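# based on what follows, work out the 3D shape:
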Amino acid sequence: MRIAVISNLYPPVVRGGYEMECAAVVDRLGDSHDLLVLTSTLGRDRTGSESVVRRELPYLSDDWRGALRAPAAALTGARLTREVLAWRPDLVYAWNMSGLPQTTLRLLTDAGVPVAFRACAHLLGGLFVEDQFMRELLPARRSLARTAWHCGCVAANALPLLRLKPAKPMRIAISWNSHALKRLVRPPSFVEPVLERVEHPVPCHGEVYASVARVPAPEPEVLFLGRVTPSKGVSVAIDALALLRTRHGISARLVVMGPEEDGYLAELRDRARRLGVEDAVEWRDQGNTEQVAEALARAAALIVPSLWEEPFGLVTIEAAFARVPVVASDVGGIGEGLRDEEHALLFPRGDAGAAAAALARTLTSSQETASRVQRARLRAEDFRLAPYLDRQERFVEDALRSLSSPA
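Numbering: from 1, shown residues only. Take a look at the predicted model:
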């Protein structure tokens, strides 16, 4: 089978877990299928020999600058599509097209290539209709200036390379990464799912984290792993740290490990300073696997204080492998990985008081915490990489069979 994989980011460009997951699936599928990976130009200057990876799709910001670039990006995507069609793919496996011109996927679909999705985020709910170019081809109420832009996009769409119909019906197969995401995301009305499965993601480095030798720091360290953005709730973790001291009389440190986005770090530093915990918060950049393993080895607890509907929360499984107690927001699919009280302590979204209470319980009820950690470690065995890759290969093969059947 010839499979074209589309992902907006691809290693070595990594911002979260899905890029590594995608690469692991590509490596596995490449053992028995022909693969072509289409991704953005991000990281193009840092790559080595990549015979199956084409880093040629424009990456657009989600603001007006990206919107202005969208028509040209659509044309670039269309030209690349012609080259991909010449390769004669049997299936397209789309992972995350956020920031990419979805022109490519629309044209591949229109050419009759079966399409499967790995839904790791909420993007599928706005497929095509939220694309910064194709949305201008749909009926909508617009201001005078926006109407002029709409007319320009319609004129561009008349070019032979494009002629897109964003809402044309399409049949797809979907591999959801959680039941929560499947419940939360409603694909557009023109999308007809012919095969749907829920397949939880797994850590690519579970073996490394499972071999961690626990050496907790003398002063308890509460670890946050992830992007430093408002949606990830680092502000809640800082508030909980302060309450852990003032309300529960427990001295602890917060280690924040991850890349900063949107200049948010200065606001968080100011928050820590106002709450009197500035000296108890340590800021680190995104680490490699070994550095993350070292941080997990020292941690007394992992906190996942997400404020958005986190599709799954893979970091909780990484902590379970490393035998680190988990305290997390009860949002999205987090509870599907580690269940409340059985494997972790979950608290309501944005409730710093409840987060502090869960941390205090974790740090002071040693026997209860040890039992919960042991159960979580056993639960982590359900998230081994090799069986997951087997299931992904079966999904791809079943998707092609389902999509090849008459409607």
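
# and the helices in this protein, which stretches?
With helices called from DSSP state H, the chain shows them at 17-29, 64-87, 103-110, 144-157, 179-184, 206-210, 234-246, 265-274, 289-298, 314-321, 334-337, 352-364, 366-380, 385-404.

# pick the most deeply packed of these.
Mean neighbour count, computed with mean count of other Cβ atoms under 10 Å, is highest for helix 314-321 among these, reaching a mean of 28. No exception for glycine: its C-beta is placed from N, CA and C like everyone else's.

# can you give me the neighbour number for Glu309?
For Glu309, the tally of surrounding residues (other Cβ atoms under 10 Å) stands at 20.

# my read: it touches Ala180, true?
Yes: with contact defined as Cβ atoms under 8 Å, Glu309 reaches Ala180; the gap is 6.9 Å.

# one step back: using TSV, please lay out the helices of the chain together with mean pLDDT.
Below are those laid out as TSV (pLDDT from 0 to 100):
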stretch	mean pLDDT
helix 17-29	93
helix 64-87	96
helix 103-110	96
helix 144-157	94
helix 179-184	96
helix 206-210	95
helix 234-246	97
helix 265-274	94
helix 289-298	95
helix 314-321	97
helix 334-337	96
helix 352-364	98
helix 366-380	98
helix 385-404	97
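
# how about Gly287, nearest residue that isn't a chain neighbour?
Leaving aside its sequence neighbours, Gly287 sits nearest to Met257 (Cβ to Cβ, 6 or more residues apart in numbering; 5.8 Å).

# OK, contacts around that neighbour?
223-225, 284-287, 291-292, 295 (Cβ atoms under 8 Å, 6 or more residues apart in numbering).

# try it again at 10 Å.
Residues counted as contacts of Met257 (Cβ atoms under 10 Å, 6 or more residues apart in numbering) are 223-226, 228, 282-287, 291-292, 295-296, 299.

# and what of Pro169?
109, 189-192, 407.

# I'd like those residues laid out as a markdown table, including distance to Ile172.
Listed next are the contacts of Pro169 as a markdown table, based on distance: Cβ to Cβ, whole Å:
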| residue | distance to Ile172 |
| --- | --- |
| Thr109 | 8 |
| Ser189 | 13 |
| Phe190 | 10 |
| Val191 | 6 |
| Glu192 | 7 |
| Ala407 | 12 |
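
# the contacts of Met257 in strands, which ones?
223-225, 282-284 (DSSP state E).

# buried subset of these as a PyMOL selection?
Selection of buried members from the ones in strands among the contacts of Met257 for PyMOL, criterion 16 or more other Cβ atoms under 10 Å:
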select buried, resi 223+224+225+283
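
# which one of the ones in strands among the contacts of Met257 sits closest to Arg384?
Closest approach to Arg384 among the ones in strands among the contacts of Met257 (Cβ to Cβ): Leu225, at 20.2 Å.

# so the closest one sits against Gly258, correct?
Yes: at 6.1 Å, Leu225 counts as touching Gly258 under the criterion of Cβ atoms under 10 Å.

# so for the two, which residues contact both of them?
In contact with both Leu225 and Gly258: 232, 284, 286-287, 292, 315, using Cβ under 10 Å, 6+ apart.

# quick check, nearest of those residues to Arg15?
Lowest distance from Arg15 to those (Cβ to Cβ) belongs to Gln286, with 8.5 Å.

# measure the closest one to Ala356 for me?
Gln286 sits 26 Å away from Ala356, taking Cβ to Cβ, to the nearest Å as the criterion.

# format the helices of the chain as TSV; extra columns: distance to Trp95.
Conversion of the helices of the chain to TSV gives the following (distance: least, Cβ to Cβ, whole Å):
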stretch	distance to Trp95
helix 17-29	5
helix 64-87	16
helix 103-110	11
helix 144-157	26
helix 179-184	14
helix 206-210	20
helix 234-246	26
helix 265-274	29
helix 289-298	21
helix 314-321	14
helix 334-337	20
helix 352-364	32
helix 366-380	24
helix 385-404	11
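
# for those, which one sits closest to Leu35?
helix 17-29 (5.7 Å).

# distance from the closest one to the middle of the chain?
12 Å (Cα atoms, centre = their mean, to the nearest Å).

# give me the helices and strands touching that helix, please.
In terms of contact count using 3 or more Cβ pairs under 10 Å, 6 or more residues apart in numbering; DSSP states H and E, helix 17-29 is assigned the packing partners strand 2-6, strand 34-40, strand 91-94, strand 115-119, helix 314-321, helix 385-404.
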